[in-house]
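Visitor: Take this sequence and fold it.
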Amino acid sequence: MKFTFETSSEKSSILLIYTGGTIGMKADPAEQTLKPFDFSQILEEVPELGKFAYRIDSCTFRPLIDSADVEPRQWQKLAGLIEEKYEDYDGFVILHGTDTMAYSASALSFMIEGLTKPVIFTGSQLPVGAARTDGKENLVSAVEIAAAKDSDGHAVVPEVCIYFGNTLMRGNRTTKVSSENFRAFASGNFPALAEAGINIRYNRSGIIRPADWERKPVFHTALDTRVSILKLHPGITPQVVRNILCGPETRAVIIETYGSGNAPSKGWFIDLIKEAVSMGKILLNVTQCLAGSVDMKLYATGKKLENEGVLSGYDCTTEGALAKLFFLMGMSDDNDFVTAQLDKNLRGEISKKLETDQNFR
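Guide: Residues are numbered from 1 along each chain as shown. Next up, the predicted model:
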């Protein structure tokens, strides 16, 4: 993994988008509660930003969103805002609650095709106004990364990413792993895109760059959310599995399996898999492990799933798999189209050759 240094050689413009979350909270001394501060006064709260020679504008979602209440309509709103402002800014920094940040970053990565500018999600474990806050460093570094350009004037990181705890990660490879540690996110199956210390070091070989920098990105806002998640566990009952796999309102199910894609070999479980497939359900196998890949050819139990029509999610995260299904199912009612695309690496979400020529216009 090779890291290199980049600096922004000309004045950049950044749009800060505050959707909600801990980072934007400030203690009210009278009421002894946390309240959101006015992001139009961001330089008063984070004066370090004033040391950059950037134009930094901000906008705030109204109402603010607790990240536990995030829904796909907010992703559509975010994508629409970025599309509207795309020509006006060199990069975008989205301030978001940590609980569902990995889901939102994964969703935006699929909803924006042919991205040529950074879209960086960040947040914090402690409010910006707290004495030991991680919010200032996360915000300042996220802005610096969003503004960074190479010697040709192109964005150094034209991807949807999460910056947290001194590390920049591909958004659709990221999972929240701690509710207390400042390193709250991990990317178990893909290396960091940048690491921030005294300098910010970029992993150039890991960053996806567009084939055509002049081509405008395509924004996809149609999402089909008829997806359920079945997490396998010892003692799971046939009724629970049936309710999830064969539910009438479900078009696809992500099955979180053990290890490299293994599941119970009991007859009733395989029969329910067969029943769901016969109903036209899309079944996608991802591992419960934080790192590693599904390989259904490795063990007999995984092979049984593959034989019955379960698809491999390879080394995709659950968050990435959910976003990919929402996106692909929103593109088409044809399950054959969806299953064919699930096997492809569209946005760097799985470790297969990137389908850079893929276009869903």
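
Visitor: Tell me how this protein divides into domains.
Guide: Listed domain ranges for the chain are 4-219, 227-342 (source: automatic domain parsing).

Visitor: quick one: secondary structure of the closest residue to residue 260 other than its chain neighbours?
Guide: Distances taken as Cβ to Cβ, 6 or more residues apart in numbering put residue 295 closest to residue 260, at 4.6 Å, once the chain neighbours are dropped. The way it works is simple: take the backbone N, C-alpha and C, and place the C-beta from them, glycine included. Under the three-state scheme (DSSP: H, G, I helix; E, B strand; the rest coil), residue 295 adopts coil.

Visitor: In this structure residue 109 contacts residue 172, no?
Guide: Yes: contact criterion Cβ atoms under 8 Å: residue 109 and residue 172 qualify, at 4.5 Å.

Visitor: Now list whatever residues contact both of these two.
Guide: 160, 320, 323, 347, 348, 349 (Cβ atoms under 8 Å, 6 or more residues apart in numbering).

Visitor: Residue 109 and residue 172: who's more crowded?
Guide: Neighbour comparison, residue 109 and residue 172: the larger count goes to residue 172, with 31 against 27 (by other Cβ atoms under 10 Å).

Visitor: what separates that one from residue 344, distance-wise?
Guide: Distance, residue 172 to residue 344, using Cβ to Cβ, to the nearest Å: 14 Å.

Visitor: just to revisit the earlier point, quickly, which of the domains of the chain bottoms out on average pLDDT?
Guide: Lowest mean pLDDT of those: domain 4-219, a mean of 90.

Visitor: so how far is that one from its chain's centroid?
Guide: From the chain centre to the centre of domain 4-219 is a distance of 12 Å (Cα atoms, centre = their mean, to the nearest Å).

Visitor: who's in contact with residue 189?
Guide: By Cβ under 8 Å, 6+ apart, the residues touching residue 189 are 173, 291, 292, 293, 315, 317, 351.

Visitor: before we move on, what about residue 72?
Guide: Contact analysis of residue 72 by Cβ under 8 Å, 6+ apart lists 107, 223, 225, 326.

Visitor: Now, of the residues you listed, which are buried?
Guide: 107, 223, 326 (16 or more other Cβ atoms under 10 Å).
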